[in-house]
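Peer 1: Predicted coordinates and the sequence they were generated for:
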Amino acid sequence: MEMLSIVRELSLQASFPRQVVEQLFNEADIDGDGKISFEGMNI
């Protein structure tokens, strides 16, 4: 998963364990296409 490799590359594993990254990604992948969806988000 690309998100996990980004976390590893930035050395954020201690702050963001794998389970946390996967949960955040799954919540952001609204339509289930494997990509983060920004539609309907107030940024």
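Peer 2: Thanks, I have the structure now.
Peer 1: Can you list the buried residues in the longest helix along the chain?
Peer 2: Counting by DSSP state H, the longest helix found in the chain is helix 18-28. In terms of neighbour count (16 or more other C-beta atoms under 10 Å), helix 18-28 has its buried residues at 21, 25. Yep, even glycine has a C-beta here, placed from its N, CA and C like the rest.
Peer 1: Now tell me which helix or strand of the chain has the poorest mean pLDDT.
Peer 2: helix 2-9 (a mean of 79; mean pLDDT, DSSP states H and E).
Peer 1: now the angle from that one to helix 18-28?
Peer 2: 140 degrees (axes from the mean of the first three to the mean of the last three C-alpha atoms, to 10 degrees).
Peer 1: List of residues touching helix 2-9?
Peer 2: Under the criterion C-beta atoms under 8 Å, 6 or more residues apart in numbering, residues 13, 16, 18, 21-22, 24-25 lie in contact with helix 2-9.
Peer 1: any idea what sits nearest the residue minimising distance to the centre of the chain, other than its immediate chain neighbours?
Peer 2: In the chain, the residue lying closest to the centroid (C-alpha atoms, centre = their mean) is residue 25, at 3.1 Å. Distances taken as C-beta to C-beta, 6 or more residues apart in numbering put residue 3 closest to residue 25, at 4.8 Å, once the chain neighbours are dropped.
Peer 1: related to what we said a few turns ago, go ahead and confirm the residue nearest to the centre of the chain touches residue 37.
Peer 2: No - look at residue 25 against residue 37 with C-beta atoms under 8 Å: they stay out of range, at 10.8 Å.
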